[in-house]
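> I would like to see how this sequence folds:
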Amino acid sequence: MNDLKRIIFLGSPEFAIPSLTKLIESEQFKPLAVITQPDRPSGRSKCPQPTPVKVMALEHKIPVYQPEDINSDDFLNILQSLRPDLLVTVAYGQKLKKAMRNSAVFGAVNLHPSLLPELRGAAPIPFTLWQGSIQTGITIFKLVSRMDAGPIYFSKPLFIFPDENATFLTDRLARIGAQFLLQFLTDFFDNPWEPIPQDEGKATYCRKLDKEDGIIDWNQPAKEIQNHIRALSVSPGAYTFFRGLQLKILAAEIRERNSSLPPGSIVSVLKNMGFIVQTADKELLIMHVQPSGKKEMSAWAFHLGAKLETGERLEQNA
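Alright, predicted model coming up:
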């Protein structure tokens, strides 16, 4: 199999970059076009910014389309004129209706960072960490009308490292997923096969994260709080309030000790390490933080500036 396949790649964030890179480098699966989200205002200037996928596609002189509504009749005509063999989606951001999926000979496939049917939805990586899972995975499946419910072509379980946060896990799944995507395309075009239906009885779901999801409840057990911190670190970050200002907690380690202070209290400060906070059952050593309006720093450096005192409280509200 040496002929060039007519692939259209749909993706938007940084997570999709390793997959797009693999397809471009393969030559055989280099996309004939890329579809990504429209430029959106970003940063303090609120100037429209291109998606990472758009930037990369233009660097490689691949035509880019950014429809506000990918399912519009006008854009469907454009896509049909490209005569694609397959649509490949990786964190694109819009739902593809039936006519759009059927515009390609083999339909549309999606790379999803969970072991479907577990954690269908918008934020599988944060929620798999938040619930304390020790395993996740990569799934490649055929797009259908229902979200993440299509039959599966390929799935691979992957171990989650104990100290892995959402940033590192996202990066790792993006890189591993890209390798599996390339292998899937190679095998599939050599000998197309029918995907296997998902077991609906085992389906679980996750929603989009919102700002309130970041608030740390110090009345919870230490393990639950640590998982919460891992799930949102580094961005958007789990947060608390200290002296009336937001303080993101980016890394924490459980200590088996338990003080008599109320949950959320600063128990002590460990030189060159950070500060210790009481939870519902154990202590948490806070190691990395991001104060409001400042960059990420070690918790020890934060203490040197803030002069933390034993008994001070971290709160759920300002």
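
> Doesn't I176 lie inside a helix?
Yes. According to DSSP: H, G, I helix; E, B strand; the rest coil, I176 belongs to a helix.

> mind checking pLDDT for the residue lying closest to it once chain neighbours are set aside?
For I176, ignoring the flanking residues on the chain, the nearest one in space by C-beta to C-beta, 6 or more residues apart in numbering is I138 at 6.3 Å. For glycine as for every other residue, the C-beta is placed from the backbone atoms N, C-alpha and C. What the model reports as pLDDT for I138 is 98.

> start the count at 16, not 1, going forward
Let's use 16 as the start, then, which means that last one is I153.

> so what strands line up beside whichever strand or helix holds I153?
Under the assignment given by DSSP states H and E, the secondary-structure element containing I153 is strand 150-157. According to DSSP bridges, the neighbouring strands of strand 150-157, each with its direction, are strand 123-127 (antiparallel), strand 167-174 (antiparallel).

> ranges for the helices of the protein?
In the chain, the segments counted as helices under DSSP state H are 32-41, 67-74, 88-97, 113-116, 139-145, 181-205, 237-247, 314-321.

> just to revisit the earlier point, give me the angle between the strand holding I153 and helix 181-205.
What separates the directions of strand 150-157 and helix 181-205 is an angle of 40 degrees, with axes from the mean of the first three to the mean of the last three C-alpha atoms, to 10 degrees.

> K310 - how many residues pack around it?
Here the neighbour count serves as a burial measure; for K310 (other C-beta atoms under 10 Å) it reads 6.

> Please tell me how far it sits from L265.
The span separating K310 from L265 equals 11 Å under the rule C-beta to C-beta, to the nearest Å.

> Any regions of this structure where pLDDT drops low?
In the predicted model, the chain carries pLDDT under 70 at residues 16-17.

> domain assignment for it?
22-221, 226-321 (automatic domain parsing).

> Quick check: which of these is nearest to E327?
Taking C-beta to C-beta as the measure, the domains of the chain were each checked against E327, and domain 226-321 came out nearest at 4.8 Å.

> chain center to the closest one, what's the gap?
Averaged C-alpha coordinates place domain 226-321 at 22 Å from its chain's average position (C-alpha atoms, centre = their mean, to the nearest Å).

> end-to-end on it?
25 Å (C-alpha to C-alpha, to the nearest Å).

> try stretch 265-284
Stretch 265-284: ends 17 Å apart by C-alpha to C-alpha.

> Could you do stretch 122-134 as well?
End-to-end distance for stretch 122-134, by C-alpha to C-alpha: 23 Å.

> chain center to it, what's the gap?
Computed by C-alpha atoms, centre = their mean, the separation of stretch 122-134 from the middle of its chain amounts to 13 Å.

> what do you get for stretch 196-210?
Using C-alpha atoms, centre = their mean, the mean C-alpha position of stretch 196-210 is found 25 Å from that of the whole chain.

> Next, the buried residues of that stretch.
By neighbour count on 16 or more other C-beta atoms under 10 Å, the buried set for stretch 196-210 is 196-197, 199-200, 203-204, 210.

> Kindly export that stretch (C-alpha atoms) in PDB.
Coordinates of the C-alpha atoms in stretch 196-210 are reproduced here as PDB (Å, rounded to 0.1, in the frame of the first residue of the first chain):
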ATOM      1  CA  LEU A 196      -3.500   6.300  15.100                       C
ATOM      2  CA  LEU A 197      -0.900   5.900  12.500                       C
ATOM      3  CA  GLN A 198      -0.700   2.200  13.000                       C
ATOM      4  CA  PHE A 199      -4.500   1.900  12.800                       C
ATOM      5  CA  LEU A 200      -4.600   3.800   9.500                       C
ATOM      6  CA  THR A 201      -1.900   1.600   8.000                       C
ATOM      7  CA  ASP A 202      -3.700  -1.600   9.000                       C
ATOM      8  CA  PHE A 203      -7.100  -0.300   8.200                       C
ATOM      9  CA  PHE A 204      -6.400   0.700   4.600                       C
ATOM     10  CA  ASP A 205      -4.500  -2.500   4.000                       C
ATOM     11  CA  ASN A 206      -7.500  -4.600   5.100                       C
ATOM     12  CA  PRO A 207     -10.600  -2.700   6.300                       C
ATOM     13  CA  TRP A 208     -12.600  -4.400   9.100                       C
ATOM     14  CA  GLU A 209     -15.800  -3.800  10.900                       C
ATOM     15  CA  PRO A 210     -15.600  -2.100  14.300                       C
END
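
> which residues touch it?
Surrounding stretch 196-210, the residues in contact under the criterion C-beta atoms under 8 Å, 6 or more residues apart in numbering are 16, 20, 22, 34, 37-38, 41, 44, 100-101, 103, 105, 121, 124, 126, 155-157, 165-169.

> just stretch 169-182 next, same as before
Contact partners of stretch 169-182, identified using C-beta under 8 Å, 6+ apart, comprise 130-131, 140-141, 143-144, 148-155, 183-184, 187-188, 191, 195, 199, 244-250, 265-266.

> Mind checking which of the residues you listed are buried?
So, by 16+ other C-beta under 10 Å, the buried ones in the contacts of stretch 169-182 are 130-131, 140-141, 143-144, 151-155, 184, 187-188, 191, 195, 199, 244-248, 265-266.
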